[in-house]
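Novice: quick check, what structure comes out for this input:
(one chain, ligands or ions: 1)
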Amino acid sequence: MKKEDFFGYVADGYNPIIRPRSEELLKEVIGKYKPKRVLEIGTYIGYSARIMLECDENLSVVTVEKNENNVENARLNLKIFGQRVQIVCADAIDFLTNLCQKNFNSEQSFDMVFLDGPKGQYVKYLPYLKKILKAGGVLIADDVLFYGLVNTNQKIEHKHRTIAKNLRLFLDNIQNDSDFETKIYDFEDGVSVSVKKQTSF
Ligand SMILES: C[S@@+](CC[C@H](N)C(=O)[O-])C[C@H]1O[C@@H](n2cnc3c(N)ncnc32)[C@H](O)[C@@H]1O
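Specialist: Have a look, this model is predicted:
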């Protein structure tokens, strides 16, 4: 599928979708780990969900998006996948806290999480994502280097300062968590791939 074929339902012309090398990495990770149940945070209009669903017919996706208009477009774009995709219209933190509060059991856990929602919130989501991820599961986070602002020593514009600080904290936390093995890919806006160790709880 070509990207330009996908945007029949886009109204606003603003397309914050996964970039080409990150998309290739996402496909490689799916090919390697063969996840069956995937959680995506940040659906937008369903482009990356569709990429994942097309990778493997045994894969299903739960994808969370807070913007109702995006959800409507994603429903149209992902209709062909039927029951394999569930689009949840919610703020990601509400979705995650609800999931973790109800007697969370292993049947609700995920083999993979693709984190592509609000960048400043990744660090807040991390404890929940760790909980819902199976041992051996993989967490991919997009845009973790955020226009190069996460690793820069230069003064960051006020509007990006909190996001850069929170992303640094996210990367510190996940890299120093002995239950995860993390690799950071320094291309496009940066992608981290973290595998939850088999021995972790
Ligand atoms: C980068 S876009 C996702 C792109 C999509 N994953 C793709 O590659 O096709 C981020 C999306 O997260 C959504 N979003 C922002 N804050 C959110 C929140 N608190 N909860 C859920 N979704 C949120 C935005 O509306 C936007 O559609």
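Novice: if we ignore the residues flanking it in sequence, what's nearest the residue nearest the centre of the chain?
Specialist: Central residue of the chain (CA atoms, centre = their mean): residue 115, 1.8 Å from the mean position. Closest residue to residue 115 apart from its sequence neighbours, by CB to CB, 6 or more residues apart in numbering: residue 141 at 4.2 Å. Glycine gets a C-beta too; all of them are placed from N, C-alpha and C.
Novice: what does the helix or strand hosting the one you found contact?
Specialist: According to DSSP states H and E, residue 141 maps onto strand 133-142. Residues from elsewhere that reach strand 133-142 (CB atoms under 8 Å, 6 or more residues apart in numbering): 18, 22, 25-26, 29, 33, 35, 106, 109-116, 122, 129, 170, 174, 180, 189, 191-201.
Novice: also near the ligand: which of those residues, exactly?
Specialist: Checking the contacts of strand 133-142 against the ligand by CB under 6 Å from any ligand atom, the ones in range are 18, 116.
Novice: any of the contacts of strand 133-142 buried? List them.
Specialist: Neighbour-count burial (16 or more other CB atoms under 10 Å) applied to those gives 18, 22, 25-26, 29, 35, 109-116, 122, 129, 170, 174, 180, 189, 191-196, 200.
Novice: which residues of this structure lie near the ligand?
Specialist: Counting by CB under 6 Å from any ligand atom, the chain sits next to the ligand at 16-18, 42, 44, 47-48, 64-67, 70, 91-92, 116-118.
Novice: and the helix or strand hosting residue 22, what's its mean pLDDT?
Specialist: When elements are assigned from DSSP H and E, residue 22 belongs to helix 20-33. Averaged across helix 20-33, the pLDDT comes to 97.
Novice: who are the packing partners of the very next helix or strand once past it?
Specialist: Next in sequence after helix 20-33, counting helices and strands by DSSP H and E, comes strand 37-41. Judged by 3 or more CB pairs under 8 Å, 6 or more residues apart in numbering; DSSP states H and E, the packing partners of strand 37-41 are helix 47-55, strand 60-65, strand 110-115, helix 122-132.
Novice: what's the angle from the last one to strand 37-41?
Specialist: Our comparison of helix 122-132 with strand 37-41, counting by axes from the mean of the first three to the mean of the last three CA atoms, to 10 degrees, yields an angle of 160 degrees.
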